[in-house]
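A.B. asks: Model the structure of this input:
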Amino acid sequence: MSEKHGSLKVEIVTHREGETASQTFDYHLRAKDERPMALDVLLQAQATSMPELAFRYGCRARNCGVCTIDVNGRPRIACRARVRAGDTISPMATLPVLSDLVVRRDGIARQLRGRLMSGGQGNALNVEAPDTYHDLTACIECYACLDKCPMHARNFADGLPGEMNNDLPDPAQGYRWGNPFSLLKLQRIRIDPLTTEVGRGTALDHAIELGLDACVGCPGCKCGIGINLKGDVIKPLMDAAGERLLSP
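C.D. replies: All right, here's what the predicted structure looks like:
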């Protein structure tokens, strides 16, 4: 018989057939001093008392971003976010929920179709690329940056994405308004040394079309892995756009 090391209780929020529910799960510690990750809790819950619990994970090393969930209402990468007794684990509030902790992510990628090669040639070899370019390639598409983003919020002006509202934008069409992730992709094109001048201008045009003006007055966005979104993405784009952000 395995040694018992105590337990901690967490709340796990589930979404099924249009209904939201919260269930207390008693996580059994594997060691007295264990500080479990959110993913550890979900895996144990699924293996024991919640076999139908739906969630995503991949690399388990903070490299892929697909396991992002909310812990106490803030986005966290589940495989690297430690939880404490009394914490609440729920799906990301910034994207539509499919089931339990699984959200629909494809609307973000579809939004960028036709915009990422705007006059650029690509830089597979990163030829003479500035340090900032390499910093931006570290993005793992966790979408934690959508939290409290006024630009992304425009997509859901009539409701919250987590409410499973049928009147919300169809992710299959790609969202109308952008977010820090889409701006990061466009800024990376702009600083790629192999992008043409036309390409840089077109990338800026796309950033403005996606709602860059929403960044005016915004205190800034937070990246799940520490990329300086405000300094390396938002500010350069806003500086380049200049008075265009003030146009009606």
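
A.B. asks: quick one, what contacts the most centrally placed residue in the chain?
C.D. replies: Geometric centre of the chain, nearest residue: Tyr143, 0.9 Å, by Cα atoms, centre = their mean. The neighbours of Tyr143, taking Cβ atoms under 8 Å, 6 or more residues apart in numbering as the test, are Gly65, Thr68, Pro75, Met92, Thr94, Leu95, Arg105, Ile108, Asn179, Phe181, Gly224. Glycine gets a C-beta too; all of them are placed from N, C-alpha and C.

A.B. asks: where along this structure do the strands fall?
C.D. replies: 7-16, 19-28, 68-71, 74-77, 88-90, 97-99, 102-103 (DSSP state E).

A.B. asks: Serialize the ones you listed to a markdown table and add fields for mean neighbour count and mean pLDDT.
C.D. replies: What follows is these, written out as a markdown table (neighbours: other Cβ atoms under 10 Å; pLDDT from 0 to 100):
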| stretch | mean neighbour count | mean pLDDT |
| --- | --- | --- |
| strand 7-16 | 18 | 94 |
| strand 19-28 | 13 | 96 |
| strand 68-71 | 24 | 98 |
| strand 74-77 | 20 | 97 |
| strand 88-90 | 20 | 98 |
| strand 97-99 | 18 | 93 |
| strand 102-103 | 22 | 96 |
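
A.B. asks: Let's have those in CSV, adding distance to Leu237.
C.D. replies: Shown next, in CSV, are those (distance: least, Cβ to Cβ, whole Å):
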stretch, distance to Leu237
strand 7-16, 35
strand 19-28, 37
strand 68-71, 24
strand 74-77, 22
strand 88-90, 32
strand 97-99, 31
strand 102-103, 26
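
A.B. asks: separation between the residue nearest to the centre of the chain and Ala203?
C.D. replies: Separation of Tyr143 from Ala203 (Cβ to Cβ, to the nearest Å): 20 Å.

A.B. asks: Counting by contacts, list what the lowest-mean-pLDDT helix or strand in the chain packs against.
C.D. replies: Least confident helix or strand, the chain: helix 106-111 with a mean of 89, by mean pLDDT, DSSP states H and E. If you count contacts as 3 or more Cβ pairs under 8 Å, 6 or more residues apart in numbering; DSSP states H and E, helix 106-111 packs onto helix 180-191.

A.B. asks: list the buried ones in the helix it packs on?
C.D. replies: Of the residues in helix 180-191, Pro180, Phe181, Ser182, Leu183, Leu184, Lys185, Leu186, Gln187, Arg188, Ile189, Arg190, Ile191 count as buried by neighbour count, 16 or more other Cβ atoms under 10 Å.

A.B. asks: Flag the shaky bits of the chain, pLDDT-wise.
C.D. replies: 1-3, 117-127, 158-168, 247-248 (pLDDT under 70).

A.B. asks: Can you give me the domain assignment for it?
C.D. replies: Following automatic domain parsing, one finds the domains of the chain at 7-103, 106-246.

A.B. asks: What about Arg30, how many residues nearby?
C.D. replies: The local packing of Arg30 (other Cβ atoms under 10 Å) involves 12 other residues.

A.B. asks: How about Arg176?
C.D. replies: 12.
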